[in-house]
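Enquirer: The following block contains a protein sequence and its predicted model.
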Amino acid sequence: CSMGSDDSYNFVFKVVLIGESGVGKSNLLSRFTKNEFAHDSRTTIGVEFSTRTVQLDNINIKAQIWDTAGLERYRAITSAYYRGAVGALLVYDISKHLTYESAERWLKELYDHADPHIVVMLVGNKSDLGNVRTVPTDEARDFAEKKGLMFMETSALDSTNVEVAFSEVLTAIHKKVASREVTRGSISAVTLSRPLGPNSEALEERKGCCKSS
């Protein structure tokens with residue numbers, strides 16, 4: 001998929017990144033939206049999101065990717081983080097089995113707060129660390145299949161499959177919307193007639209406002 005111009009798009013899809021601290025969520029975000037990778041893994045506190053407009057099958061989709069930015073350490077992720085999300089990447093580190101074991105708990109939290117039709121991909125990040133792998137690919141793939149999730153191994157460090165993972169999630173979301181499998185309201189994947197402005201809910205959430213809708 002190619003970079004589209006950021007001001008013309010048919011859909012805005014909110015995608016959240018979830019998973020344990022240190023698995024590389026922030027670097028997946030910066031690799032996909034800015035093609036950057038930060039070697040110093042400082043943890044920022046407070047929700048962040050970045051956007052990128054991609055073209056899939058001649059449709060311009062503005063992906064708004066949200067990152068927990070360190071809050072997962074404090075179990076402080078609020079329902080505002082999940083509100084309106086139509087996709088999620090549940091990330092673990094292939095070299096740290098504990099981060100994979102917590103996937104079940106993250107899934108439960110996701111389904112407690114998010115739309116039941118949300119598209120979820122299990123992502124084994126840091127595939128460049130294959131020599132110290134502790135999570136076998138087949139085991140993770142089987143788990144994903146059992147739970148009805150998509151699956152991909154990525155490396156934010158060397159860019160492997162990052163583009164593909166996000167594109168597949170966005171394509172799956174668009175298919176659900178296009179097939180009317182979900183009503184527009186429930187998955188909130190509406191065609192915005194105007195760009196996200198200062199009055200948009202997303203920016204209010206960013207300011208830490210958590211009014212229930």
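Expert: That came in fine, so what should we check first? Residues are numbered from 1 along each chain as shown.

Enquirer: Pretty sure Val123 sits against Tyr92.
Expert: Yes. Between Val123 and Tyr92 there is a contact at 7.4 Å, judged by C-beta atoms under 8 Å. To be clear about C-beta, it is placed using only N, CA and C from the backbone, and glycine gets the same treatment.

Enquirer: As a check, name the ranges of all helices in this structure.
Expert: For the chain, applying DSSP state H gives helices covering 25-34, 79-82, 97-101, 103-113, 137-147, 162-178, 184-187, 201-206.

Enquirer: Pull up the gap between Met121 and His39, please.
Expert: 25 Å (C-beta to C-beta, to the nearest Å).

Enquirer: the more surrounded of the two?
Expert: Met121 (21 against 6; other C-beta atoms under 10 Å).

Enquirer: Quick check: that one touching Ala103?
Expert: No. Using C-beta under 8 Å, Met121 is not in contact with Ala103, being 11.6 Å away.

Enquirer: Quick check: neighbours shared by those two?
Expert: Leu90 (C-beta atoms under 8 Å, 6 or more residues apart in numbering).

Enquirer: pretty sure Ser159 contacts Phe32?
Expert: No. Contact criterion C-beta under 8 Å: Ser159 and Phe32 do not qualify, at 9.5 Å.

Enquirer: These two: which has the busier surroundings?
Expert: Under the criterion of other C-beta under 10 Å, the comparison of Ser159 against Phe32 puts Phe32 first, with 25 against 14.

Enquirer: Next up, the contacts around that one.
Expert: Arg52, Ala63, Ile65, Val162, Glu163, Phe166.

Enquirer: Dig out what the third one forms beta bridges with.
Expert: By that I understand Ile65. The partner list for Ile65 in beta bridges (DSSP bridges) reads Val15, Ser50.

Enquirer: What distance do you get for it to Lys108?
Expert: From Ile65 to Lys108 the distance is 22 Å (C-beta to C-beta).

Enquirer: Repeat that for the second one.
Expert: Using C-beta to C-beta, Ala63 is found at 25 Å from Lys108.

Enquirer: Which one's more surrounded, these two?
Expert: Neighbour count, other C-beta under 10 Å: between Ala63 and Lys108, Ala63 has more, with 26 against 10.

Enquirer: And the more buried one, how far from Met150?
Expert: 15 Å.

Enquirer: follow-up on the earlier one: ok, of the contacts of Phe32, which come out buried?
Expert: Among these, those classed as buried by 16 or more other C-beta atoms under 10 Å are Arg52, Ala63, Ile65, Val162, Phe166.

Enquirer: Among the residues you listed, which one lies nearest to Ile18?
Expert: Ile65 (11.8 Å; C-beta to C-beta).

Enquirer: residues in contact with the closest one?
Expert: By C-beta under 8 Å, 6+ apart, the contact set of Ile65 is Val15, Val16, Leu17, Leu29, Phe32, Thr33, Phe49, Ser50, Thr51, Arg52, Phe166.

Enquirer: Same check on Val23?
Expert: Counted by C-beta under 8 Å, 6+ apart, Val23 has contacts Val91, Tyr92, Asp93, Lys96, Thr99, Asn125, Lys126.

Enquirer: of all those residues, which comes closest to Arg133?
Expert: Lys126 (9.0 Å).
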